[in-house]
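1. Can you look at this prediction? I've put the sequence above it.
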Amino acid sequence: MGTLQNLGARHPIGTLVVLVLVVALAWLIFAPWPPGLEQALGRKRIFLNAILSGITLGALYFLVASGFTLVFGLMRNVNLAHGSLYLLGGYIGYGVVDATGYWLLAFPVVFVVVGALGLLLQHQVFRRMEGEELRQTLVTIGISIVLADLMLWYWGGQSYQVQSPQWLSGPTTLPFVSAVRSDGQAVYLSYPLIRIAILFAAIVIGLGMWFVLNRSRLGMLIRAGVDDRDILAASGVRIQYVFLAVFAFGAGLAGIAGIIGGTFQSLSPGEDTRFLLASLVVVIVGGMGSIPGAALGAVIIGLAEQIGLVYAPTYSVVFTFLIMAVVLAFRPQGLLGARR
Amino acid sequence: MADVLPRSEPGRLIVLERIPPAAWVLGVLLLAMPAFASNFVLYQIFGWSFILGMIALSLMVLAGYGGMVSLIQMTVAALAGYVVAILGTSGVPQISLGWPWWLHIPLAIVIAMLFGTLVGALAVRTEGIYTIMITLAIAAAFFYFTRQNYGIFNGYTGFNNVIPPRWFDIDWRQSVPFYYLTLACATLSYLAVVWIGRTPFGLALQGVRDNPRRMSALGFSVTAHRILAYTFASVIAAFGGILLVWQNAQVVPGTAGIPQVIDILVIAVVGGLRRPIGPFIGAFIYAILSVFSSDILHAIGMSGERFKLVVGLGFLAVVGFSPDGVLGLWDRYQARRETNRDALLGGRR
């Protein structure tokens, strides 16, 4: 964490700006708003809701994008079928929940099934064209076209929603003051419990990934592979197994994200490209191949999308795009990406 | 890389002699096509494949000459179509300005060119597969933006009734005039691409593709060549986009939706990215498949809606077995015949 302490010394102005922004945001979230601000920005409840939805959406984006970025960082494989894996996971999860009624059961089933599909893809397809990055990418495009049509064939064009379990439905109260009543009593924000659970789950998964990557032997191999694949292979590591593990994990994670997305949004044809696009933008903004970058990018994009949706509905997409363009123009490797 | 033939000084007719016989046959066949093909075939299959071929050709310029696989070409084309609809006449009079064709068509080309150049300037900051991701993301942003924006792009409904102007008092949306119009545009863009491949700029671009570091050591600006390639490709894509809008008489966000953006890549790859004729071959195959797929699928007892499945599987087969497309298959067939024929080498190697 030495770099963090040096940050203030190296970029005094940038650090100050970030600090001021963080404090301002914290004030906006925790303090009751004066009437003037309410007039300018609308009700505080709306603002808080936009922030929270942005963060939960960011959590979902993180789950999808982290597998994508991990696969990319290690194998240099832009898996454009990643969105299809997301949608497939969602559909299978819907099927499992519909048949058994256990929401939690869907997670291991989907993780195993979609992860196995990932294993199959890596072992049968991508391994055969190793080093040919463009060709691998083209193959993933072909796979995404085929998968999209097969899913349309089997599940049809209607939209599905995964039934959320009883114990997670309904709202919960959060310790954020959304308004103050005339008698001086503070009104606390209530928010769907399921979204809080998703946020929590994403944080746990993110921390888990961080621990595996930084504290385990497998993580050490993966990090070494990201840095220099050839030297790792030359030093006797069976890198194909590492590839298989990472690809299967990334695919499984995308599938799990599909269940979550299907629970608090919906599943329909076209969602695959939407989440593929989200993953692309998230990893471009955050930095290719970086897990913390994926987390940062996901939160930024999720917030931009939701705040844009509330305050400038027509241009919410443009915000996302502008963020991406600005990052590309000033920091092409992404916010937390390593320069190669 | 096209083989550089010796330039003989006297007589321009030499140029004509250099055209291979196959090109003559193809040219005569295409010119005489309206004599024996039905209106539907002329308009829907040939007109459409020329248009798609032009848009895919612009990708071929970037990918084949420049080594940059861009997914923005369909978006550039659609933008040109949108500008024609907005500045010219359409079925949405409250937005369309109704400017004359000599104003709105050049403007459409210029605006699409500027957009393509801007995207190119962003995309060339990254390399290889990153380019695919960034151009795809921008293309998707354009799609969602046009779908949400009602002030300029008329949102979900887009513009209908966008028709070509009546040059020489001919209705250019009739099958035969439209066929010749698209044929002429496709031929011109094909020749332009062949020509640019042999200019100093085109040769330098191919040098940049093969070894950017060496080219930059030789004093060529790698970035400038790449961005200029985007500019040139955008012009071709813009012409294709305007024709496409005229053919359908409408432009909607779905004109440059993600599937359509991907389709252009599929077409170019299936045809072959090495030479300018490849995209047209790919477009022809695509048009034939999409028009007749339901009949074929019905014939083998499947539902006619599975067109995308056929396209996807065909694309996978091409990428899997012949990464340089149908042209690559042809080249290898030729090469095998050559070695078989060669008596000095003693048959096949």
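-> Structure received.
2. Only C-alpha atoms from now on, for both contacts and neighbour counts.
-> Noted.
3. Which parts of the stretch 51-200 of chain A are helices?
-> A:82-100, A:103-120, A:133-155, A:193-215 (DSSP state H, counting those that start in this stretch).
4. got the buried residues for the third one?
-> In this case it means helix A:133-155. Under the neighbour-count criterion of 16 or more other CA atoms under 10 Å in any protein chain shown, helix A:133-155 has A:133-149, A:151-152 buried.
5. same question, the shortest one
-> With burial defined by 16+ other CA under 10 Å, the residues of helix A:103-120 counted as buried are A:103, A:106-107, A:109-119.
6. go on, stretch A:154-168?
-> By neighbour count, and taking 16+ other CA under 10 Å as the criterion, the buried residues in stretch A:154-168 are A:Y160, A:Q161, A:V162, A:Q163, A:S164.
7. Around chain A, which positions in the stretch 101-250 of chain B sit nearby?
-> B:122, B:125-126, B:128-129, B:133-134, B:136-138, B:140-141, B:144-145, B:148-149 (CA under 8 Å from any CA of the partner chain).
8. circling back to that earlier point, specify which member of the buried residues of stretch A:154-168 is nearest to chain B.
-> A:Y160 (21.2 Å; CA to the nearest CA).
9. any idea of the pLDDT on the closest one?
-> The model reports A:Y160 with a pLDDT of 86.
10. ok, now which ones touch it?
-> A:Y91, A:Y94, A:G262, A:S266, A:L267, A:S268 (CA atoms under 8 Å, 6 or more residues apart in numbering or on different chains).
11. JSON lines for these, including neighbour count?
-> Formatted as JSON lines, the entries for the contacts of A:Y160 read as follows, by neighbours: other CA atoms under 10 Å in any protein chain shown:
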{"residue": "A:Y91", "neighbour count": "25"}
{"residue": "A:Y94", "neighbour count": "24"}
{"residue": "A:G262", "neighbour count": "26"}
{"residue": "A:S266", "neighbour count": "16"}
{"residue": "A:L267", "neighbour count": "25"}
{"residue": "A:S268", "neighbour count": "19"}
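12. Dump those residues to CSV, plus distance to chain B and pLDDT.
-> Shown next, in CSV, are the contacts of A:Y160 (distance: CA to the nearest CA, whole Å; pLDDT from 0 to 100):
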residue, distance to chain B, pLDDT
A:Y91, 19, 92
A:Y94, 24, 90
A:G262, 21, 87
A:S266, 18, 82
A:L267, 18, 86
A:S268, 15, 85
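13. For chain A, which residues are neighbours of chain B?
-> By the rule CA under 8 Å from any CA, the part of chain A lying against chain B is A:78, A:133-135, A:137-139, A:141-143, A:145-146, A:149-150, A:153, A:273, A:277, A:280-281, A:284, A:314-315, A:317-318, A:321, A:325, A:328-329, A:332.
14. Tell me how many other residues surround B:P164.
-> Burial of B:P164, expressed as a neighbour count using other CA atoms under 10 Å in any protein chain shown, amounts to 21.
15. Just to be sure, it is in a strand?
-> No. Counting by DSSP: H, G, I helix; E, B strand; the rest coil, B:P164 is not part of a strand but coil.
16. Distance-wise, check it relative to chain A.
-> The gap separating B:P164 from chain A is 31 Å, by CA to the nearest CA, to the nearest Å.
17. now that residue, nearest residue through space, not along the chain?
-> B:W246 (5.8 Å; CA to CA, 6 or more residues apart in numbering or on different chains).
18. ok so, going back, so can I have CSV of the buried residues of helix A:103-120 showing pLDDT?
-> Formatted as CSV, the buried residues of helix A:103-120 follow (pLDDT from 0 to 100):
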residue, pLDDT
A:W103, 82
A:A106, 86
A:F107, 87
A:V109, 91
A:V110, 91
A:F111, 91
A:V112, 92
A:V113, 93
A:V114, 92
A:G115, 92
A:A116, 92
A:L117, 91
A:G118, 89
A:L119, 89
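19. Pull the most distant pair out of those.
-> With distance counted by CA to CA, no two of those lie farther apart than A:W103 and A:L119, which are 24.7 Å apart.
20. Contact partners for B:L228?
-> Taking CA under 8 Å, 6+ apart, we find B:L228 in contact with B:T117.
21. Shouldn't it be within a strand?
-> No. Remark: B:L228 does not belong to a strand; assigned using three-state DSSP, it is helix.
22. Distance-wise, check it relative to chain A.
-> 18 Å.
23. try B:L29
-> B:L29 sits at a distance of 34 Å from chain A (criterion: CA to the nearest CA).
24. before we move on, what about B:Q334?
-> Taking CA to the nearest CA as the measure, B:Q334 and chain A are separated by 24 Å.
25. Just give me the neighbour total for that residue.
-> Neighbour tally, B:Q334, other CA under 10 Å: 12.
26. Give me the pLDDT value at it.
-> At B:Q334 the predicted local confidence, pLDDT, stands at 76.
27. Same check on B:E305?
-> 70.
28. which residues touch A:I239?
-> A:G225, A:L232, A:A233.
29. 7 Å instead?
-> For A:I239, the residues meeting the contact criterion (CA atoms under 7 Å, 6 or more residues apart in numbering or on different chains) are A:A233.
30. can you pull the pLDDT of it?
-> Taken from the predicted model, the pLDDT recorded for A:I239 is 80.
31. next one: the one 5 residues further on
-> Note on A:L244: pLDDT of 87.
32. So, low pLDDT: which residues of chain A?
-> Using pLDDT under 70 as the threshold, the predicted model of chain A has low-confidence ranges A:1-10, A:30-44, A:174-187, A:338-340.
33. residue ranges for the helices of the stretch 201-340 of chain A, please.
-> Counting by DSSP H, counting those that start in this stretch, one finds helices in the stretch 201-340 of chain A at the ranges A:217-227, A:229-234, A:239-264, A:271-286, A:291-311, A:316-330.
34. and the residues of the stretch 101-250 of chain B next to chain A, which are buried?
-> With neighbours counted by 16+ other CA under 10 Å, those contain buried members at B:122, B:125-126, B:129, B:133-134, B:136-138, B:140-141, B:144-145, B:148-149.
35. Inside strands: which ones of these?
-> For these, membership in strands holds for none, with DSSP state E as the criterion.
36. which non-adjacent residue is nearest residue 255?
-> Looking at chain A here, since you left the chain open. With CA to CA, 6+ apart as the measure, A:G89 is the residue that lies nearest to A:G255, at 3.7 Å, once sequence neighbours are left out.
37. Chain B is the one I meant
-> When the adjacent residues along the chain are set aside, B:T255 lies closest to B:A78, with 6.3 Å between them (CA to CA, 6+ apart).
38. and if you look at A:N49?
-> Excluding its sequence neighbours, the residue lying closest to A:N49 (CA to CA, 6+ apart) is A:Y191, at 7.9 Å.
39. Make sure that neighbour is actually in contact with A:T173.
-> Yes. The pair formed by A:Y191 and A:T173 meets the contact definition of CA atoms under 7 Å, at 6.3 Å.
40. quick one: which of the two has more around it?
-> Summary of the neighbour comparison: A:Y191 and A:T173, criterion other CA under 10 Å, with A:Y191 having more neighbours (17 against 12).
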